[in-house]
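1. Turn this into a structure:
(4 chains)
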Protein chains: 2
Amino acid sequence: MSSAEEVRPERISEAEHAVMEALWGQAPLTAAEVADKVGHDRGWSLATVKTLLSRLVAKQAVATQPDGRRFLYSPLLERADYVGTESKRLVERLFGGRPATLFAHLAESEALTESDLSEIEALLKEMRK
Amino acid sequence: MSSAEEVRPERISEAEHAVMEALWGQAPLTAAEVADKVGHDRGWSLATVKTLLSRLVAKQAVATQPDGRRFLYSPLLERADYVGTESKRLVERLFGGRPATLFAHLAESEALTESDLSEIEALLKEMRK
DNA sequence: TCGTTGCGCCTACAGATGTAATCAATCACG
DNA sequence: CGTGATTGATTACATCTGTAGGCGCAACGA
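-> Predicted coordinates:
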């Protein structure tokens, strides 16, 4: 079910999201470790990662826990919550709040592979039980 | 199928998107007309709408056609294209490019109503033919 | 003890975005 | 013909975002 009493979660930018992914993958992590995981393909400097981390802390999406003279960072915002809000937001904005329309669009634009279809079919069947 | 040779469509912001929606609903329109349709619930001033329109023109998402001393604006970017890119972007970013995962998420978060399910089911059956 | 180094915090700065006001040209009405 | 309303163009300006650099302090190794 995730989350309970949010503090009106401030919006998280795309770059910040990448950092969150790292933390969702493993936590707690030091800034350097996060940089290692993310900066890699993003080509970010350690400084950049640090900035993003502070912003996330300010937005209360990440918690810090002192470890000697440095911090260990852990996600406060749960992935499911983030993903849920973002998805709902998109469906709202682009599909008048109707998920079926999104689905239809993906289907029509051939964004759905055969295996996607099977999976969804399976999920559907599952839900019907 | 829509679109063919895009000019690397520059990203359209959320506010700009609202303006596009107005134009997708009906076009061509004058700036004042767009403002009438959009500024309404957004609480935007005519000036704001004009700014957004120019930015959209600059981004080549909207075309202008002179009509006396003013312009008539029409969408250049097709809705299907926009919606498609945005959806794909989200699926990519949040679901590792797997639409089925998005679907699973919507399902799990109870964002899918019974009628959504039926609709999707119907679409699926349709595609299978 | 003392220099080196790693860390968080503060500052920077350009470009995007949201939201407008102002300006100069022009059209429409009296 | 004069004048107010209209219109696109230009300018404004606070935030947010992406991307860092630099500073001061504390810990660790010699």
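2. So A:Ala63 belongs to a strand, correct?
-> Yes: under DSSP: H, G, I helix; E, B strand; the rest coil, A:Ala63 falls within a strand.
3. ok now do the closest residue to it other than its chain neighbours, which residues does it touch?
-> In this structure, A:Ala63 finds its nearest non-sequential neighbour in A:Leu76, 4.6 Å apart by Cβ to Cβ, 6 or more residues apart in numbering or on different chains. Yep, even glycine has a C-beta here, placed from its N, CA and C like the rest. Contacts for A:Leu76 (Cβ atoms under 8 Å, 6 or more residues apart in numbering or on different chains) come out as A:60-63.
4. Tell me who's in contact with A:Leu77.
-> A:Leu77 makes contact with A:9, A:12, A:20, A:60-62, according to Cβ under 8 Å, 6+ apart.
5. Distance-wise, check the residue of chain A most remote from its centre relative to DNA strand C.
-> Outermost residue of chain A with respect to the C-alpha centroid, by Cα atoms, centre = their mean, is A:Lys129; its distance is 29.9 Å. Applying Cβ to the nearest atom of the strand, to the nearest Å, the value for A:Lys129 to DNA strand C is 43 Å.
6. Next one, pLDDT for that residue please.
-> Per-residue pLDDT puts A:Lys129 at 72.
7. quick one: it from chain B, how far?
-> 12 Å (Cβ to the nearest Cβ, to the nearest Å).
8. cool, A:Thr51 as well?
-> In terms of Cβ to the nearest Cβ, A:Thr51 sits 20 Å off from chain B.
9. Helix, strand, or coil at that residue?
-> Here A:Thr51 is recorded as helix under three-state DSSP.
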